[in-house]
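In: From the sequence below, what's the structure:
(one chain, ligands or ions: 1)
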Amino acid sequence: MHQFEQISTLQTQVKKWRQQNKTIAFVPTMGNLHLGHLSLLEKAKQLADKVIVSIFVNPLQFDDKADLNAYPRTLDADMTLLLDHDCDVVFTPSANVMYPNGMDVHTTISVPNMDDKLCGLNRPGHFDGVATVVAKFLNIVQADWAIFGEKDYQQLSLINRMATELNLSTQIVSGPTLREDNGLAMSSRNQYLTSEQRSHAAHLYRILQDVKARIELSVDSFDLIQQQAMSALTELGFVAEYLDIRRTEDLDRADRQDKSLVILVAARLGKARLIDNITCDLA
Ligand code: PAF
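Out: Just a heads-up that it's a prediction; the model follows:
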C-alpha cells in the first residue's frame, strides 16, 4: 500500500495505472475509520482494479472550530485497517496541499437548493465546504467511481447534483448505512457518546422506523407524524434539530402525492450530534 501526501505523486501513480488500463475507485473519508467506511472500501474493490482512499479532515466544512479541533484523528489505526483490507493507495494531504492559497480566498462551490435546508440550516457553510473539497478530490484523482455512504443522505444528494451539473466524469456510487446490533448508525461521532448513551441512541433508528410505518398506514398527515416524532425525541432526552419527511429527488418537503420519500433526522445526545435517515418507497 502506498501513502501519498502530495497531489503530484498521487497523480503519477494514477497515470501509471491508466497506462496499464486499470480502473480506479475512490473513497473519500475524514479518517477515524469504522466498519461503515470499510464497507465502502469493499464496494470500491468490487467495482475497480485499484482503490484509493483519502483521509483529510477538511477544515472548510467545519462551521465550529471546537468541533474541528475535537474531531478524532487516528491515522495509525486507519493505516493498519486499510493495509489489512488491501487498499492500494491512501492519500493524506495537508490543509496546505489542499488549500495552498488559504481557505479564506479559495474558490468555493455551492449547490443551490441542496445546501440551505435540513443540516444546512444549522451548519452554515458546511455543504459549500463539502462540495468544494469533493470537487477538488474528484478532479485530482480522476477515478472511474467515487463511493459515498447513504448515512449522509443530504451530502450524497448534494454530491450527485454537483457531479451532474458540473459534468464531472467520475460516477458517484452510494453504499448502505451500516448499523450496530441495536440499530444505531455507525459514525465516527458515536465515540462522543457514553456507553449508556450509545444504547439510548438506538431510539433514533426506532423512531425513524415508526415514522415509516405510520407513513405506510396512510392515516395521519405528514405534519402530525413529524411533530409527534419530534416530541418523542424530546421526551427521550434528545435535542432534536429536525425530523422531516422529504422527497428523495430534491429533498423538498413531501406530501401524500410523493411516492419516493426519505425520512431524515438530526439530533443531539450528550456531546454527539447524530444524523440518520431511512427511505420509504410508496410506489
Ligand atoms: O463524509 C465525509 O466523511 C466527508 O464529508 C467527505 C465526503 C470525506 C468530505 O470531506
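
In: The protein against the ligand: which residues are in contact?
Out: Within the chain, the positions near the ligand by Cβ under 6 Å from any ligand atom are 28-30, 58, 61, 130, 133-134, 152, 155. C-beta here means a position set from N, CA and C on the backbone, and glycine is covered the same way.

In: Export the residues you listed to TSV and append columns for distance to residue 261 and pLDDT.
Out: Formatted as TSV, the residues of the chain next to the ligand follow (distance: Cβ to Cβ, whole Å; pLDDT from 0 to 100):
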residue	distance to residue 261	pLDDT
28	27	98
29	28	98
30	29	98
58	30	98
61	27	97
130	23	98
133	29	98
134	25	98
152	18	98
155	18	98
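
In: Mind checking which of those land in strands?
Out: Among the residues of the chain next to the ligand, the members found in strands (DSSP state E) are 28-29.

In: Next one: the residue of the chain most remote from its centre from residue 3, what distance?
Out: What lies farthest from the middle of the chain is residue 219; by Cα atoms, centre = their mean that is 32.7 Å. Distance, residue 219 to residue 3, by Cβ to Cβ, to the nearest Å: 55 Å.

In: Repeat that for residue 25.
Out: Residue 25 is 18 Å from residue 3, where distance means Cβ to Cβ.

In: Next: residue 34.
Out: In this structure, residue 34 and residue 3 are 20 Å apart, going by Cβ to Cβ.

In: now residue 129
Out: Note on residue 129: its distance to residue 3, by Cβ to Cβ, is 24 Å.

In: Between these two, tell me which one has more neighbours.
Out: residue 129 (22 against 16; other Cβ atoms under 10 Å).

In: Give me the neighbour count for the closest residue to the more buried one other than its chain neighbours.
Out: Nearest non-adjacent residue to residue 129, counting by Cβ to Cβ, 6 or more residues apart in numbering: residue 61, 3.1 Å away. Residues near residue 61, counting by other Cβ under 10 Å, number 20.

In: Tell me which stretches of the stretch 101-250 of the chain form helices.
Out: Using DSSP state H, counting those that start in this stretch, the helices of the stretch 101-250 of the chain run over residues 119-122, 126-141, 153-165, 195-200, 203-217, 222-235.

In: Including distance to residue 100, could those helices go into TSV?
Out: Compiled in TSV, the helices of the stretch 101-250 of the chain are given as follows (distance: least, Cβ to Cβ, whole Å):
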stretch	distance to residue 100
helix 119-122	27
helix 126-141	11
helix 153-165	22
helix 195-200	40
helix 203-217	40
helix 222-235	43
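
In: got a pLDDT number for the closest residue to residue 209 other than its chain neighbours?
Out: Counting by Cβ to Cβ, 6+ apart, residue 278 is the residue found nearest to residue 209 once chain neighbours are left out, at 6.8 Å. Per-residue confidence (pLDDT) for residue 278: 98.

In: Next: the one 3 residues further on.
Out: Residue 281 is assigned a pLDDT of 97 by the prediction.

In: and what of residue 218?
Out: For residue 218, pLDDT reads 88.

In: and what of the one 5 residues further on?
Out: As predicted, residue 223 sits at a pLDDT of 97.

In: Distance of the residue nearest the centre of the chain relative to residue 119?
Out: In the chain, the centroid-proximal residue (Cα atoms, centre = their mean) is residue 152; its distance is 3.6 Å. Distance of residue 152 to residue 119, given as Cβ to Cβ: 9 Å.

In: Identify the residues contacting the residue in the stretch 151-283 of the chain that the ligand sits nearest to.
Out: The minimum distance from the stretch 151-283 of the chain to the ligand, using Cβ to the nearest ligand atom, falls at residue 152 (5.1 Å). The contact partners of residue 152, taken as Cβ atoms under 8 Å, 6 or more residues apart in numbering, are residue 275.
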